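A.B. asks: kindly generate the corresponding structure for this input.
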Amino acid sequence: MKSLLAIFLIALVIGGFSLAGVMSFALAQSESSFKISGYILDPNGHGLSGAEIIFNLPSIVPSVYSDSSGHYEISAPAGTYHINVWPPFDSNFIYYDQTGFVVESDLTKNITLALGCKVSGYIFDSSGKPVPKAIVSLNNYLCGWYSISSGYYFVTAPAGTYTLSARPGNGPKDAPNFPTYYEYNFVVNGNLAKNITVESTASSFKISGYVLDSDGHGIGGANIIFNVPSIVPSVYSDSSGHYVISAPAGTYHVNVWPPFDSVYINYDEPGLVVGSDIAKNMTLNSGYKVSGYISDSSGTPVTGAAVLLGNSVNTFGSGWFSNYMGYYFLNVPAGIYTIDAHPRTGNFYSGPTTNFPTYYEYNFTVNGNTVKNITVGGSSPTTSPSPTPSPSPTSPAKASPTQITISADTSSPIVGSVVNVNGGLSYVNGTSLPGKLVTLSYAFGGNSTWVPIGSAITNEDGEYNIQWVNVATGIFKLKVEWTENAGYPETSNTTTLSFLPYNDQTVFFVESNSTVSTLAFFSTSSELSFAVSGPENTTGYVKATIAKSLVSNAADTKVYVDGNLLGYILTETANSWVLTFNYHHSTHQVRIALETDETLDPAILGPKYLVSVAVAAIGIVAVTSFTAWQIKKKQDPVRSA
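C.D. replies: Residues are numbered from 1 along each chain as shown. Predicted structure coming up:
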């Protein structure tokens, strides 16, 4: 039996692959289109030809390519778009990503592509055959091109440590099918040649079909497993009930676990022989639901328990473990059974699990939907209950909540630099939560729409790291969250980042867990000023990053809180100074007095540059659904010798 995730996460991650979000599109009532034009440039301002500009709505706004001078022109109706620019084939440029691009009139927009480190090579299967139409990524960095007919691929990213992955293209027809390739802790510190060998496409076969109810209707959210997850990862049926799974030749024990809290009996088939592609529909019959809550003798919910009902002929389960409230369910035909409730076991199962002696109850009669609460750890089994047509169990108290931290570091405040977002996931008692998927999203300015950036799996200490490339000045709110959907406690945390420009470059970067307001740089006195506020009796922090191009030596910088001199920690990166300081929350006025290396021109910046920043908060959030961003289908380019 396998621990299942609820269907909300299906589109979010496939084997840990990070996904970028798609902004919603609001088409105006008018059918008129506007012209967006400009140049695609390199960091030196030279035009780039052959870059593809897409608005992620190809049926409304077809993509275009920049010409030999880097110029492009595209037409779009009024609306809000998610823009990507895919770099020229086999180049060293990092793709461009901008959400929330508003079109209301003709616009001139130049876009600069940053340089990065190129990882390139060839993808082969185990027989040495080239693998075309594959997607290669470094975390959430892609190039917009599938591998070509020779198997050649490339992808560009800033220097760093990544998870390298290669998977079949999900857009082109006849894309070879192979298990996703992962290589962890892949260090990129320059251009690299990297050939990839994936499992031979000839050794895996496609099993596909529909999971159906007894009336022939498709069942979405059913989990199909072959009981060898390291060889054949499980898949979920889509909203129509359709599924596709790949498996090497062999004999398998197939289970289909029903959707959470449904009325379907699990499907069980041992001895499925795979020697070729197979079309296979599977029907889940309806049964009587037995459900309730598991708790120990003190009334504490029992999590991670498997509940089975068996007799001399069959053993039934649901594929779902009891959740953080102790709730469980399964469906069976009418009959007399033995209840078996025990803690989850196995190397492939994760999540909180309560240890307790296996609970048995004999001669348990089921002839209708039945509520059955179970007490483990010394309590004697009860006699068979009477069927209850309309169950209304009382939920025990919730389990302990979890917490997640967030912090952001950047080597440079310049637009296009990498921001490393990191933190840790744990229970409130400090026990870390390793092996959990956390996701990072951002909202820009006053926009309330959260756009996914990427995801990561927490390490053995519960820590995560996700890289994000900042592509604009202004105010960003970052949110990291854990939303494990088996009913365990969910948690999130946010922080605000402000990129403050001067002379067309971002030279200030401010992170804080406080509510920050009236952020301003006074050019005449070389002072950065802002107000901070937060809940009484809590601690706030500020981490201010200042470009060395503005201040070559920050040793004489002074920080004042409400006019009082405050100590701080000063560190540095190759391009920036980083000042970190703490304070007790109420409402304070902060001033950072700089000794700059140049006379700042008030005519350029103005007497002060005002930016408002949204509140940062810690809270428990509901499950967030995401839309997977699929790479756009492109023709294989001709690669010159």
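
A.B. asks: nearest residue to residue 459 other than its sequence neighbours?
C.D. replies: Residue nearest to residue 459 in three dimensions, not counting chain neighbours: residue 434, with 6.2 Å by CB to CB, 6 or more residues apart in numbering. Yep, even glycine has a C-beta here, placed from its N, CA and C like the rest.

A.B. asks: got the phi and psi for that neighbour?
C.D. replies: Per-residue torsions, residue 434: phi -80, psi 160 (degrees, to the nearest 10).

A.B. asks: ok, it - contacts?
C.D. replies: By CB atoms under 8 Å, 6 or more residues apart in numbering, the contact list for residue 434 reads 458, 459, 460, 461, 462.

A.B. asks: now the helices: where do they sit in the stretch 301-450 of the chain?
C.D. replies: Secondary structure of the stretch 301-450 of the chain (DSSP state H, counting those that start in this stretch): no helices located.

A.B. asks: check the chain too.
C.D. replies: Taking DSSP state H to define them, one finds helices in the chain at 602-605.

A.B. asks: can I see the domain layout of it?
C.D. replies: Annotated domains of the chain cover 7-112, 117-199, 202-283, 288-376, 402-619 [automatic domain parsing].

A.B. asks: can you add mean pLDDT and give those domains back as CSV?
C.D. replies: Conversion of these to CSV gives the following (pLDDT from 0 to 100):
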stretch, mean pLDDT
domain 7-112, 77
domain 117-199, 87
domain 202-283, 88
domain 288-376, 87
domain 402-619, 69
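
A.B. asks: hang on, the earlier thing: can you tell me how far the residue nearest to residue 459 is from residue 512?
C.D. replies: Going from residue 434 to residue 512 by CB to CB, to the nearest Å gives 29 Å.

A.B. asks: among the contacts of residue 434, which ones are buried?
C.D. replies: Taking 16 or more other CB atoms under 10 Å as the criterion, what is buried in these is 458, 462.

A.B. asks: looking at the contacts of residue 434, which is nearest residue 194?
C.D. replies: residue 459 (23.5 Å; CB to CB).

A.B. asks: for the closest one, what are phi and psi?
C.D. replies: Dihedral angles (degrees, to the nearest 10) for residue 459: phi -80, psi -170.

A.B. asks: for it, give its distance to residue 403.
C.D. replies: Plainly put, residue 459 is 17 Å away from residue 403 if you go by CB to CB.

A.B. asks: do residue 77 as well
C.D. replies: Look at residue 77 and residue 403: by CB to CB, they are 44 Å apart.

A.B. asks: sorry, back to before: Serialize the contacts of residue 434 to CSV and add fields for distance to residue 442.
C.D. replies: Shown next, in CSV, are those (distance: CB to CB, whole Å):
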residue, distance to residue 442
458, 20
459, 23
460, 28
461, 25
462, 23
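
A.B. asks: residue 244 and residue 208 touch, don't they?
C.D. replies: Yes - using CB atoms under 8 Å, residue 244 is in contact with residue 208, at 4.3 Å.

A.B. asks: for residue 342, give the beta-bridge partners.
C.D. replies: Beta-bridge partners for residue 342, by DSSP bridges, are residue 306.

A.B. asks: tell me, how many residues neighbour it?
C.D. replies: When neighbours are defined as other CB atoms under 10 Å, residue 342 has 16 of them.

A.B. asks: same question for residue 49.
C.D. replies: Using other CB under 10 Å, residue 49 has 14 neighbouring residues.

A.B. asks: then residue 46?
C.D. replies: Other residues near residue 46 come to 10 when the count uses other CB under 10 Å.

A.B. asks: can I assume it is in contact with residue 69?
C.D. replies: No - contact criterion CB under 8 Å: residue 46 and residue 69 do not qualify, at 9.5 Å.

A.B. asks: residue 189 versus the residue nearest to residue 591 when sequence neighbours are not counted, what's the distance?
C.D. replies: Excluding the flanking residues, the one nearest residue 591 by CB to CB, 6+ apart is residue 560, at 4.4 Å. Going from residue 560 to residue 189 by CB to CB gives 40 Å.
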